[in-house]
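Enquirer: Model the following, please.
(2 chains)
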Amino acid sequence: AQSVTQLGSHVSVSEGALVLLRCNYSSSVPPYLFWYVQYPNQGLQLLLKYTSAATLVKGINGFEAEFKKSETSFHLTKPSAHMSDAAEYFCAVSEGGGADGLTFGKGTHLIIQP
Amino acid sequence: GAGVSQSPSNKVTEKGKDVELRCDPISGHTALYWYRQRLGQGLEFLIYFQGNSAPDKSGLPSDRFSAERTGESVSTLTIQRTQQEDSAVYLCASSPKILMEQYFGPGTRLTVT
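Expert: Predicted structure coming up:
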């Protein structure tokens, strides 16, 4: 069965600093991996996805993530944090067939300090 | 174009009552998913539809939960005899086909008193 672990329920960074949100997964087959963002009082929005093409995936708003099979990781990064990045971030995994939908991590709340 | 819409946006109900939550997917999306998000928790997958068919209902929390989809469009999630532990945000998502990215609606916040 697939699972996702997001390290750190809350991450605080200063505006302009590097953002690093950690995600590790377990999957019995090559996975599809996703990062979603949820802004306050809004629905989930897809940031980026990995579907077995390039291991470094670029998404919206300057975010990117790198798939590392040896580490079973898909960490999300952004070189310079902006106040508007404050939100809840969810990592998700899907195995072949999609019969189990997406399995989500518990989320990481990103706080941006001025 | 129009995104995924859900109604109602908020629902407060008394314990023991039945509720029906509605999801309108993006037009042309064949796959539709329901998730539950409890306060402070990640999303919990409930059920998915490929067309009008739901191949696997094992993700539904109990037999009080049921879902249907008609015309490869609207879906309803019904919770019978609601309990306080059913309080959560219920999210619907659709995608053009299985394994493609899912587009989420704004959710229905259900509060059972």
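Enquirer: tell me the phi and psi of residue B:85?
Expert: With angles defined as degrees, to the nearest 10, residue B:85 sits at phi -70, psi -10.
Enquirer: Spit out the contact partners of it.
Expert: Residue B:85 is in contact with residue B:112, counting by CB atoms under 8 Å, 6 or more residues apart in numbering or on different chains. C-beta here means a position set from N, CA and C on the backbone, and glycine is covered the same way.
Enquirer: just the one 5 residues further on next, same as before
Expert: With contact set as CB under 8 Å, 6+ apart, residue B:90 has these partners: B:6, B:21, B:34-37, B:77, B:107-108, B:110.
Enquirer: Excluding covalently adjacent residues, which one is nearest to it?
Expert: Once flanking residues are discounted, residue B:90 sits nearest to residue B:108: 4.8 Å by CB to CB, 6 or more residues apart in numbering or on different chains.
Enquirer: Isn't that neighbour up against residue B:8?
Expert: Yes - if you go by CB atoms under 8 Å, residue B:108 and residue B:8 touch, sitting 6.0 Å apart.
Enquirer: Quick check: neighbours shared by those two?
Expert: Joint contacts of residue B:108 and residue B:8 (CB under 8 Å, 6+ apart) are residue B:21.
Enquirer: what's the spacing between the closest residue to residue A:18 other than its chain neighbours and residue A:31?
Expert: Leaving aside its sequence neighbours, residue A:18 sits nearest to residue A:79 (CB to CB, 6+ apart; 6.1 Å). Distance, residue A:79 to residue A:31, using CB to CB, to the nearest Å: 26 Å.
Enquirer: all strands for chain B, in order.
Expert: For chain B, the strands defined by DSSP state E cover B:5-7, B:10-13, B:19-24, B:31-37, B:43-50, B:65-69, B:75-79, B:88-95, B:103-104, B:108-112.
Enquirer: what stretches of chain B score poorly on pLDDT?
Expert: Applying pLDDT under 70 to chain B picks out residues B:1, B:98-99.
Enquirer: Return the residues of chain A in contact with chain B.
Expert: Proximity of chain A to chain B (CB under 8 Å from any CB of the partner chain) is limited to residues A:4, A:32, A:34, A:36, A:42-46, A:49, A:51, A:90, A:92, A:94, A:96-107.
Enquirer: if you set the cut-off to 6 Å instead, what comes out?
Expert: Residues of chain A found near chain B (CB under 6 Å from any CB of the partner chain) are A:43-44, A:46, A:49, A:98-99, A:101, A:104-107.
Enquirer: about what we covered before: the residue nearest to residue B:90 and residue B:21 touch, don't they?
Expert: Yes - counting by CB atoms under 6 Å, residue B:108 touches residue B:21, with 4.8 Å between them.
Enquirer: This completes my enquiry, with thanks.
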